[in-house]
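Student: Model the structure of this input:
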Amino acid sequence: MSRRPSVFVLALTVGDYLLWNWSLSANHEALALVAGLTLPPLVLVSLWMIAVGAMRLVGAFAGRRRAARAALARTAVKPRPAGTSAEQAAAAERAREDSTRIAA
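Tutor: The predicted model follows:
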(Lines give C-alpha, C1' and ligand atoms only; values in the text may rest on other atoms or scores of the structure.)
Protein backbone atom coordinates (compact mmCIF):
# COMPACT_ATOMS: atom_id res chain seq x y z
CA MET A 1 0.00 0.00 0.00
CA SER A 2 1.22 3.45 -0.83
CA ARG A 3 2.06 6.00 1.86
CA ARG A 4 0.23 8.76 -0.03
CA PRO A 5 -3.21 8.10 1.52
CA SER A 6 -1.71 8.16 5.01
CA VAL A 7 0.07 11.44 4.39
CA PHE A 8 -3.04 12.92 2.79
CA VAL A 9 -5.31 11.94 5.71
CA LEU A 10 -2.79 13.19 8.28
CA ALA A 11 -2.47 16.52 6.45
CA LEU A 12 -6.25 16.79 6.20
CA THR A 13 -6.57 16.12 9.93
CA VAL A 14 -3.99 18.77 10.83
CA GLY A 15 -5.63 21.24 8.45
CA ASP A 16 -9.06 20.56 9.92
CA TYR A 17 -7.72 21.04 13.44
CA LEU A 18 -6.10 24.35 12.47
CA LEU A 19 -9.32 25.50 10.78
CA TRP A 20 -11.38 24.51 13.82
CA ASN A 21 -8.99 26.27 16.20
CA TRP A 22 -8.94 29.44 14.08
CA SER A 23 -12.70 29.51 13.60
CA LEU A 24 -13.28 29.18 17.35
CA SER A 25 -10.95 32.06 18.13
CA ALA A 26 -12.38 34.26 15.35
CA ASN A 27 -16.03 33.67 16.38
CA HIS A 28 -17.06 31.87 13.19
CA GLU A 29 -19.57 29.53 14.82
CA ALA A 30 -20.85 27.75 11.71
CA LEU A 31 -17.36 27.02 10.42
CA ALA A 32 -16.25 25.90 13.88
CA LEU A 33 -19.22 23.55 14.07
CA VAL A 34 -18.51 21.93 10.70
CA ALA A 35 -14.77 21.66 11.36
CA GLY A 36 -15.44 20.32 14.86
CA LEU A 37 -17.82 17.66 13.60
CA THR A 38 -15.40 16.40 10.96
CA LEU A 39 -12.39 16.37 13.29
CA PRO A 40 -13.14 13.23 15.43
CA PRO A 41 -13.60 10.86 12.46
CA LEU A 42 -10.45 12.24 10.84
CA VAL A 43 -8.50 11.73 14.06
CA LEU A 44 -9.75 8.14 14.34
CA VAL A 45 -8.82 7.36 10.75
CA SER A 46 -5.40 8.98 11.20
CA LEU A 47 -4.69 6.94 14.33
CA TRP A 48 -5.87 3.79 12.56
CA MET A 49 -3.55 4.44 9.61
CA ILE A 50 -0.63 5.11 11.94
CA ALA A 51 -1.32 1.85 13.79
CA VAL A 52 -1.55 -0.14 10.54
CA GLY A 53 1.70 1.42 9.32
CA ALA A 54 3.43 0.56 12.58
CA MET A 55 2.22 -3.04 12.36
CA ARG A 56 3.49 -3.33 8.80
CA LEU A 57 6.85 -1.96 9.88
CA VAL A 58 7.08 -4.47 12.73
CA GLY A 59 6.01 -7.28 10.38
CA ALA A 60 8.61 -6.32 7.80
CA PHE A 61 11.32 -6.20 10.45
CA ALA A 62 10.29 -9.58 11.86
CA GLY A 63 10.14 -11.05 8.34
CA ARG A 64 13.67 -9.89 7.59
CA ARG A 65 14.93 -11.39 10.85
CA ARG A 66 13.14 -14.67 10.11
CA ALA A 67 14.60 -14.79 6.60
CA ALA A 68 18.09 -14.06 7.91
CA ARG A 69 17.74 -16.79 10.52
CA ALA A 70 16.57 -19.26 7.88
CA ALA A 71 19.48 -18.36 5.60
CA LEU A 72 21.90 -18.83 8.47
CA ALA A 73 20.39 -22.21 9.27
CA ARG A 74 20.69 -23.31 5.64
CA THR A 75 24.38 -22.43 5.51
CA ALA A 76 25.13 -23.94 8.93
CA VAL A 77 23.76 -27.40 8.11
CA LYS A 78 26.25 -29.43 6.07
CA PRO A 79 24.86 -32.53 4.38
CA ARG A 80 26.80 -35.68 5.06
CA PRO A 81 27.67 -38.12 2.31
CA ALA A 82 25.19 -40.92 1.72
CA GLY A 83 25.84 -44.13 3.59
CA THR A 84 27.84 -42.58 6.45
CA SER A 85 26.82 -42.30 10.06
CA ALA A 86 26.96 -39.10 12.04
CA GLU A 87 30.13 -40.25 13.82
CA GLN A 88 31.88 -41.04 10.53
CA ALA A 89 30.89 -37.68 9.09
CA ALA A 90 32.16 -35.89 12.23
CA ALA A 91 35.46 -37.79 12.08
CA ALA A 92 35.88 -36.92 8.40
CA GLU A 93 35.19 -33.25 9.18
CA ARG A 94 37.80 -33.27 11.99
CA ALA A 95 40.32 -34.87 9.67
CA ARG A 96 39.66 -32.18 7.06
CA GLU A 97 40.07 -29.44 9.67
CA ASP A 98 43.32 -31.02 10.91
CA SER A 99 44.71 -31.22 7.39
CA THR A 100 43.92 -27.55 6.73
CA ARG A 101 45.61 -26.55 10.00
CA ILE A 102 48.69 -28.55 9.09
CA ALA A 103 48.82 -27.01 5.63
CA ALA A 104 48.53 -23.51 7.06
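
Student: only C-alpha atoms for contact and neighbour calcs from this point on.
Tutor: OK.

Student: Now do the helices in this protein.
Tutor: Assigned by DSSP state H, the helices in the chain fall at 4-25, 29-76, 86-103.

Student: Could you single out the most deeply buried of those helices?
Tutor: helix 4-25 (a mean of 16; mean count of other C-alpha atoms under 10 Å).

Student: that older thread, so can I have CSV of the helices of the chain showing mean pLDDT?
Tutor: Compiled in CSV, those are given as follows (pLDDT from 0 to 100):
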stretch, mean pLDDT
helix 4-25, 95
helix 29-76, 86
helix 86-103, 71
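
Student: for the most centrally placed residue in the chain, what are its contacts?
Tutor: By C-alpha atoms, centre = their mean, the chain has its centre lying nearest to Leu57, at 1.9 Å. By C-alpha atoms under 8 Å, 6 or more residues apart in numbering, Leu57 lies in contact with nothing.

Student: distance of Ala32 from Gly53?
Tutor: 31 Å (C-alpha to C-alpha, to the nearest Å).

Student: Please apply the same query to Leu10.
Tutor: 13 Å.

Student: again, but for Ser6
Tutor: 9 Å.

Student: next one: Val7
Tutor: Taking C-alpha to C-alpha, one finds Val7 at 11 Å from Gly53.

Student: for Gly63, same thing?
Tutor: Applying C-alpha to C-alpha to Gly63 and Gly53 gives a distance of 15 Å.

Student: One more: Asn21?
Tutor: Counting by C-alpha to C-alpha, the gap from Asn21 to Gly53 is 28 Å.

Student: Repeat that for Gly59.
Tutor: With C-alpha to C-alpha as the criterion, Gly59 and Gly53 are 10 Å apart.
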